[in-house]
Each structure stands twice: as C-alpha cells, then as structure tokens.
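Asks: take this sequence and fold it.
(one chain, ligands or ions: 2)
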Amino acid sequence: MMSKVMRPKVIFVLGAPGAGKGTQCSKIVSDFNYVHLSAGDLLREERTKPNSQYGKLIDTYLKEGKIVPVAISCGLLKNAMFESHKERFLIDGFPRNQDNVDGWTKDVADHVDLQCVLFFDCPLEECVNRCLKRGAEGSGRSDDNEESLRKRIETYLSQTSPIIQHYNMLKLVHTIDASKDPDKVYEDVKKVMSKYI
Ligand code: C5P
Ligand code: MG
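Replies: Ligands and ions are numbered 1, 2, ... in the order given. Model prediction:
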C-alpha cells in the first residue's frame, strides 16, 4: 500500500515538432507542481557532454529526425526523475514510438502512475512554419531546418501518431487545439491540468 501511495505521477506530453509541447510545459510548471522533463532536451544535453558514449549517435539521430534507442532516452528520463526528488512529472516528447513504449513498460511503467497524455494537436504546416521560424531566430538546433523537418514530420506520422492513437483508445488522451497562440492554448491546458493537482 505504501509503495502505491508514493508512486510518482506522470503526464506524457505529445504532439508534432513545433506543436508547442515545450512552450506549454514551461507555462504549466509556473502554475502547477510538476517537473518538466523533455526527452529531446535531455538528449541535446547528453550530446554536449565531452565523455558521453552516445554523443555521436545522438547527433546523427537528431539530424535525421530518427528516434534514438529507448535505453538511452528512458535512461536519461529515469535519472532525471530520480535526481529531482520530486513526484510529479511532465514527460515531454516521450514515448515517441513503439520501442519507447516497450522500454518504458519494461522498466518504469509499474513504478509510476500514468495520469494522462496531453496531445497538442496542430496542423503540420503550422508546425513546420513554427520550427523554421525558431531556427531562423537562432534556436541553435541542428534539426530546425527544412531537410530535418521533413524527416521529423515523417517520423511523427509513421511512428508517433500510432502511439497517440493507442493511448487514445485507452481513454488517456486530452486533445488540445494547439493551433492558437500560446496564451490561448494555455487557457485550455489549465482546464485539463486542474484535474491533476
Ligand atoms: O522533442 P524534440 O523535438 O525536442 O525532439 C528532438 C529530437 O530528439 C527528435 O527528433 C529525435 O531525434 C530525438 N528524440 C528521440 N526520442 C524521444 C524524443 C526525442 O530520439 N523520445
Ligand atoms: Mg521540445
């Protein structure tokens, strides 16, 4: 019973590249008691560590818009969860494919309560424009260019969409219209998040 009470609470945050996952998570964190962990950010951070054994692999995968093996992403997430000493997490950009789901299920799922999935739903053309704008404004990301974006969208459609559908069938998904401007989107996010405090 004890272990059940103390299980960390997890919300997955999914959506196409540029849908506003990170932007909305930052807003959530300022109002709600959740820690924001972005799989993409953790990978980018890992890549910059001089003695990381994964640096080169991560570099290649990011540029190609491919999903890195779950041992890496889930390992980074697990570490970050553990090191935070907190118990409510927004896990942004994960799980992105079936391999991610499988690794999570095997390693973590039984130790946490998955509360829901926030799905930021935005037309892909708008998503691409946002990422290109972000790149032009100096995001410094190696994948905010047309070539990488084409691949990221392809990966999203073929690998991530089915995962969102899977959680949708389990009635875990809150779909949020992410095409509006960030403050308007956040009004809807707040309504959903108020159920999970
Ligand atoms: O979520 P974000 O757009 O920051 O992810 C950037 C890249 O990080 C993805 O295109 C992918 O290459 C990698 N990534 C991954 N596995 C995840 C999340 C992100 O490989 N679960
Ligand atoms: Mg992000």
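
Asks: what separates Arg88 from Phe12, distance-wise?
Replies: 13 Å (Cβ to Cβ, to the nearest Å). All C-beta atoms are positioned from the backbone trio N, CA, C, and that covers glycine.

Asks: among the two, which residue is more densely surrounded?
Replies: Phe12 (24 against 17; other Cβ atoms under 10 Å).

Asks: quick one: contacts for that one?
Replies: By Cβ atoms under 8 Å, 6 or more residues apart in numbering, Phe12 lies in contact with 91, 94-95, 114, 116-118, 167.

Asks: quick one: strands adjacent to the helix or strand harbouring it?
Replies: Secondary structure assignment for Phe12, by DSSP states H and E: strand 9-15. Counting by DSSP bridges, the strands paired with strand 9-15 are strand 88-92 (parallel), strand 113-121 (parallel).

Asks: would you mind saying which of those strands lies nearest ligand 2?
Replies: strand 88-92 (5.9 Å; Cβ to the ion).

Asks: can that closest one be found next to ligand 2?
Replies: No: using Cβ under 5 Å from the ion, strand 88-92 stays clear of ligand 2, coming no nearer than 5.9 Å.

Asks: list the buried residues of the helix or strand that that strand is followed by.
Replies: Moving toward the C-terminus from strand 88-92, the next helix or strand (DSSP H and E) is helix 98-107. For helix 98-107, a neighbour-count test (16 or more other Cβ atoms under 10 Å) marks 99-101, 103-104 as buried.

Asks: over to stretch 30-39?
Replies: 32, 34-39.

Asks: give me the neighbour count for the residue of the chain found nearest ligand 1.
Replies: Closest to ligand 1 within the chain is Gly40: 2.0 Å, counting by Cβ to the nearest ligand atom. The tally of other residues near Gly40 (other Cβ under 10 Å) stands at 18.

Asks: same check, this time on Ile197
Replies: Using other Cβ under 10 Å, Ile197 is surrounded by 9 other residues.

Asks: model confidence for it, exactly?
Replies: Listed pLDDT for Ile197 reads 82.

Asks: verify the contact between it and Tyr34 for me.
Replies: No: contact criterion Cβ atoms under 8 Å: Ile197 and Tyr34 do not qualify, at 9.2 Å.

Asks: alright, calling it a day.
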